[in-house]
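[1] Quick one: sequence plus predicted model below, questions after.
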Amino acid sequence: MRNIKNEYKSFLDDIEKNIKDKEDLEYIKKRFTSFLDIILDQMDNIIEYKKEEIGKLEEAQKQMEERMTKMQNVIDNIEKDIYAEDGFDFEIVCPYCNYEFIIDVDENKTEIECPECKNTIELDWTGDIEDESDGCLGNCNGCHDCNDEDDDM
């Protein structure tokens, strides 16, 4: 705004030097002041509008940050539920004797010994049933003879 005031003063000084007729000079000053008032009013309106818009954006951002904080809390709680501090237990059913037992998940282990029959059980942490076979071997607990499915048709 300081530049505008300086330019305005410079403009008035310039026209006072160059316009000799006092009546014309006063008319130009009034007309220019009137024109400048309109421009400054418009600038004030624009500034006020921008302040309102910034206020709305700040409020929206505040609400978004509150939502993100709530969402992060939910995610943290889900993470705590999934990755319990004392480890994650995995239930094993021995394919040889059907003995059920629990182990801690350790993806570095590739096999475990059944505590009942002492047979070695291979562990596959990928979840692919068909990694080394052509499907179900019929040894799972609760098997419904899935190898004989084709015979029923």
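    Now that the structure is in, tell me what you want to look at.

[2] Roughly how far does the most centrally placed residue in the chain sit from Ile75?
    In the chain, the C-alpha nearest the mean C-alpha coordinate belongs to Met68, at 7.5 Å (C-alpha atoms, centre = their mean). Distance, Met68 to Ile75, using C-beta to C-beta, to the nearest Å: 10 Å. C-beta here means a position set from N, CA and C on the backbone, and glycine is covered the same way.

[3] Lowest mean pLDDT among the helices and strands of the chain, which one is it?
    Among the helices and strands of the chain, helix 149-152 carries the lowest confidence by mean pLDDT, DSSP states H and E, at a mean of 48.

[4] Please tell me I have it right and Leu25 contacts Glu16.
    Yes - counting by C-beta atoms under 8 Å, Glu16 is a contact partner of Leu25 at 6.4 Å.

[5] what about Tyr8, neighbour count?
    13 (other C-beta atoms under 10 Å).

[6] correction: Glu53
    10.

[7] Return the distance of the one helix or strand it maps to from the chain's centre.
    Per DSSP states H and E: Glu53 is located in helix 22-82. With C-alpha atoms, centre = their mean, to the nearest Å as the basis, helix 22-82 stands 25 Å off its chain's centre.

[8] Could you tell me which strands sit next to whichever helix or strand comes after it in the sheet, and their orientation?
    Downstream of helix 22-82, the next assigned helix or strand under DSSP H and E is strand 89-93. Note on strand 89-93: by DSSP bridges, its sheet partners are strand 100-104 (antiparallel).

[9] Cheers, nothing more for now.
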